[in-house]
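Undergrad: Build me a model from this:
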Amino acid sequence: MSGQQLPGWLGQPTHRAWLDEHCRDLLAFGQLFPAEGGGAAWLDEVGEPDPSHGVQTWITARMAHVYSLGHLLGVPGAGALADEALAGLWDAEDGADGEAPLRDSVNGGWFSKVDSGGTPAEGKACYDHAFVILASSTATAAGRPGAAALFDEALSVYEQRFWDEAAGMPVDTWDTAFTTLDDYRGINGAMHSVEACLAASDVLADVYDDDDDERAALWRARALGILAKVADWSSANSWRVPEHFDSSWSVQLEYNADKKADPFKPYGATIGHGLEWSRLLLHGDATARAAGEVPPADFVGAAKALFAQAVADGWHVDGRPGFVYTTDWSGKPVVRDRMHWVPAEATAAAAALAIATGAPTYAAQYALWWDHIADVVLDHEEGSWHHQLDERNLPSGTVWPGKADLYHAVGATLVPRLPLAPSQATAVRQGLLRG
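TA: All right, here's what the predicted structure looks like:
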């Protein structure tokens, strides 16, 4: 909708001002995250570090990402906080020769976590490494010390260990030494790989002195290829995203039927992922067209279909407002608890569809879900968002105790104010934020 007024709240400067204020409130809530020795602690209900969760790579990378965005947004102190998170992933002074608690200096890559005693967990995951790419690309765009070297290292590790060129998809999980690859393949790591690849492509083209267009095109192509495959798999599955696969990328619909509420690999269709893939397809479409390319599939049509199915299956389906966490493959709710990241992604996807199409229906849904967030998801007493609600919309902590990080909530304040391409850090760096 370039040059046109966006519908509903999306076109109102007063709403954009509210989003800006809320983003800054979120960054203020999370400012106690720095862990001793570097990295980000898991935050509890009041924003205090909870050492029982150790220091985790995905939380650390997410906080490095959002506080680097905060620095780009001109929030005083955000850059220094981003550096505290980055110190868990990389030694800004000594680089590859330095020590960072989450980095495996022997085998390469990043541990998923270190416990309170500094002992690393076993294994290496695509999910974590995708977030390291995202964090380092955002920090590079923000000019943080050591970020460019971390970015180069993150791209190299991902390319060598997680990218399967023959499949055009990422593998999921290695052992710590990168000697044994698990047969499992998953959509969650692939989804965040898309975000990471798009962000990396934009930073390579925009920030690097030599405007590394060839490498930028390579990472862009990887993201677009993943998106095309997921659109195809979802189309064949009634627009419910298949989550789990084997090593040959054959769908495993009954995976984790005995662990239905798993926080990373739940059984069935994950409503929030249908919404998140919808938005990513729109970013992919806009990115391809901005580069003068034709997307490899009808990304906009797929985004509309995924969004419509996720909303039909997930929103207000059990007598109360809110999005259920998961459904079976017929659309029947399985886990009825509400996770905060799902309405965050719902508002972001609705905003992206309104930006892409100009349709007022999406803007109306956007406003409806922000009203829902303000009603029961925002914690008006302690700050940030309740990360989990039960089916009665009361705070719960069975899957996500505390308020671990700010990634989804901050994203929900930025997507409505940014173009669909380039990605967030590059767009903010280029002055494309609306309002």
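Undergrad: mean confidence for the strand or helix carrying residue 366?
TA: Element membership for residue 366, per DSSP states H and E: helix 360-372. Average pLDDT, helix 360-372: 98.
Undergrad: ok, residues contacting it?
TA: Residues from elsewhere that reach helix 360-372, judged by C-beta atoms under 8 Å, 6 or more residues apart in numbering: 6-10, 311, 321-322, 343, 346-347, 350-351, 353-354, 416. To be clear about C-beta, it is placed using only N, CA and C from the backbone, and glycine gets the same treatment.
Undergrad: what about 6 Å?
TA: Residues outside helix 360-372 that contact it (C-beta atoms under 6 Å, 6 or more residues apart in numbering): 7-10, 321, 343, 346-347, 350-351, 353-354.
Undergrad: Grab the two from those that are most spread out in space.
TA: Using C-beta to C-beta, those span at most 22.2 Å, a distance reached by 7 and 321.
Undergrad: Which of the contacts of helix 360-372 sits closest to residue 246?
TA: Taking C-beta to C-beta as the measure, residue 246 sits nearest to residue 346 out of these, at 30.5 Å.
Undergrad: show me the contacts for the residue nearest the centre of the chain.
TA: Closest to where the C-alpha atoms of the chain average out (C-alpha atoms, centre = their mean) is residue 192, at 5.7 Å. Counting by C-beta under 6 Å, 6+ apart, residue 192 makes contact with residue 130.
Undergrad: Could you measure from it over to residue 129?
TA: For residue 192, the distance to residue 129 (C-beta to C-beta, to the nearest Å) stands at 9 Å.
Undergrad: what helix or strand is residue 404 on?
TA: Short version, using DSSP H and E: residue 404 is in no helix or strand.
Undergrad: I'd say it and residue 44 touch.
TA: No - here residue 404 lies out of contact with residue 44, judged by C-beta atoms under 6 Å, at a distance of 9.0 Å.
Undergrad: Compare the two (neighbour count), which wins?
TA: Each of residue 404 and residue 44 has its neighbours counted (other C-beta atoms under 10 Å); residue 404 has more, 24 against 18.
Undergrad: What backbone torsions are found at the more buried one?
TA: Dihedral angles of residue 404 (phi, psi; degrees, to the nearest 10) stand at phi -60, psi -40.
Undergrad: Just give me the neighbour total for residue 281.
TA: 32.
Undergrad: residue contacts, it?
TA: By C-beta under 6 Å, 6+ apart, the contact list for residue 281 reads 227, 299, 302-303.
Undergrad: and the two most separated of these?
TA: Farthest pair in these, by C-beta to C-beta: 227 and 303, 9.6 Å.
Undergrad: Among the two, which residue is more densely surrounded?
TA: Counted by other C-beta under 10 Å, residue 227 and residue 303 do not tie: residue 227 has more neighbours, with 30 against 27.
Undergrad: what secondary structure does that one sit in?
TA: Following DSSP: H, G, I helix; E, B strand; the rest coil, residue 227 is assigned to helix.
Undergrad: How about residue 72, nearest residue that isn't a chain neighbour?
TA: In this structure, residue 72 finds its nearest non-sequential neighbour in residue 428, 4.4 Å apart by C-beta to C-beta, 6 or more residues apart in numbering.
Undergrad: Cheers, nothing more for now.
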